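> Give me the fold of what follows.
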Amino acid sequence: MSWRDAVPPALRMLLQRDDHVDPHLELLRLGADNPDVAAEDITVTLVLDGALVTGTVVSTEAWERLHLGQLGDQDYGLRRVVREALVHLDDAAEKGRRRREPDRRFLHLRDVTYRSGRAAHTLPVWRGPVAAVSGWTLGEPDKG
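Numbers count the residues shown, from 1 in each chain. This next block holds a predicted model:
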């Protein structure tokens, strides 16, 4: 899909009247999952249940790679099972049997800082439901 092919879904997002989806946040997710849009290095801060989650938006595919790396650090056997399942899905998609679509319910971030009260924790990757986001902004909070 070229960036031009991404315009109609973007327009649908902006024009829809779905109370459960923020069209502008969905555009960020769509841009990260479309390689021709080149939405890279976009930092966002999300508000979830009063906590702030700040990180760089990444595609589902990039998150899966990072997640598999973390899984391998914990359990090599489980990593092999998940990797084999993903390879199987990718092979099926290449043969036209099944197309793997990104799961629109989730947003994926890397290089994450989670802030709740005065506590701040860093995480390599994060996956969270878009529906849980009650507010967001581009960028990150000031340190001061």
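> and the residue nearest the centre of the chain, what does it touch?
Nearest to the mean C-alpha position of the chain, counting by Cα atoms, centre = their mean, stands His108 at 2.2 Å. Contact partners of His108, counting by Cβ atoms under 8 Å, 6 or more residues apart in numbering, are Ala32, Val57, Val58, Ser59, Thr60, Ala62, Trp63, Val125, Trp126, Arg127. Where C-beta positions appear, they are placed from N, C-alpha and C, glycine not excepted.
> can you rerun that using 6 Å?
Contact criterion Cβ atoms under 6 Å, 6 or more residues apart in numbering gives Val58, Thr60, Trp63, Arg127 as the residues in contact with His108.
> Which of the residues you listed are buried? Put it as a ChimeraX command.
The ChimeraX command for the buried members of the contacts of His108 (criterion: 16 or more other Cβ atoms under 10 Å) is given here:
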select :58,60,63
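> ok, then the element right after whichever strand or helix holds Gly69?
Assigned by DSSP states H and E, Gly69 belongs to helix 60-74. If you walk from helix 60-74 toward the C-terminus, the next helix or strand you reach (DSSP H and E) is helix 76-94.
> thinking again about what came up before, identify the spatial nearest neighbour of the residue nearest to the centre of the chain, chain neighbours not counted.
Distances taken as Cβ to Cβ, 6 or more residues apart in numbering put Trp63 closest to His108, at 3.7 Å, once the chain neighbours are dropped.
> Can you check the pLDDT for that neighbour?
What the model reports for Trp63 is a pLDDT of 88.
> now do Tyr76
69.
> Could you do the one 5 residues further on as well?
Confidence at Val81, expressed as pLDDT, is 80.
> What segments of this structure are strands?
Per DSSP state E, the chain has strands spanning 43-48, 51-58, 106-116, 119-129, 135-138. These are given in chain order.
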